[in-house]
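Engineer: Give the three-dimensional model of this entry:
(one chain, ligands or ions: 1)
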Amino acid sequence: MDILYMREALREAKKAYSTYEVPVGAIVVYNGEIIGRGYNQREILKDPTAHAEILAIKEASKYIEAWRLLNCTMYVTLEPCAMCAGAIVNARIGRLVIGTRDPKRGCCGTIEDLTNHPKFNHRLEVEFGVLEDECSSILSDFFRELRESK
Ligand SMILES: [Zn+2]
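Structural biologist: Take a look at the predicted model:
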């Protein structure tokens, strides 16, 4: 099931790719249903908070008409940054499945771990490496293309 849902997150990442945004995608699943989708839209919206995870959380909260996403799972192609990891904790998401690590910004265990901070009142289950090759190659393809176009 995780692989299936990560494919959906990758589908979101591809939307970002096709609009020249850094290709990161996220979805939120509740009771087997996708209730939120998002892809990075920082450039097009000119908004530093328009990361895939934030947009997916907003859509999911709107859908279930609550800010708590307790029994939800988020699938995201790239390890969330400090802002998104914070939003995931604030949304009380129960489980987080990550495609690939972000050595420069990852705050779910790589640089810092906001998802299981001993002093926070919410901790969640985090899994890494689902469709890792696809999730990381879409990023390296994007940055290679960007360098070549310059
Ligand atoms: Zn982020």
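Engineer: Quick check: residues of the protein near the ion?
Structural biologist: Proximity of the chain to the ion, by CB under 5 Å from the ion, involves residues 51, 81, 83-84. C-beta: built from backbone N, CA, C; applies to glycine.
Engineer: All the helices of this protein, residue numbers only.
Structural biologist: 2-18, 42-45, 52-64, 82-90, 132-149 (DSSP state H).
Engineer: closest one to Tyr75 among those?
Structural biologist: helix 2-18 (4.3 Å; CB to CB).
Engineer: That closest one packs against which elements?
Structural biologist: With contacts taken as 3 or more CB pairs under 8 Å, 6 or more residues apart in numbering; DSSP states H and E, helix 2-18 sits against strand 25-30, strand 33-39, helix 52-64, strand 72-78, strand 95-100, helix 132-149.
Engineer: Tabulate these (a markdown table), appending mean neighbour count.
Structural biologist: Shown next, in a markdown table, are the helices and strands packed on helix 2-18 (neighbours: other CB atoms under 10 Å):
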| stretch | mean neighbour count |
| --- | --- |
| strand 25-30 | 27 |
| strand 33-39 | 20 |
| helix 52-64 | 21 |
| strand 72-78 | 28 |
| strand 95-100 | 24 |
| helix 132-149 | 13 |
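Engineer: got TSV for the ones you listed, with distance to Ile3 too?
Structural biologist: Putting the helices and strands packed on helix 2-18 into TSV (distance: least, CB to CB, whole Å) gives the following:
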stretch	distance to Ile3
strand 25-30	13
strand 33-39	15
helix 52-64	18
strand 72-78	10
strand 95-100	10
helix 132-149	10
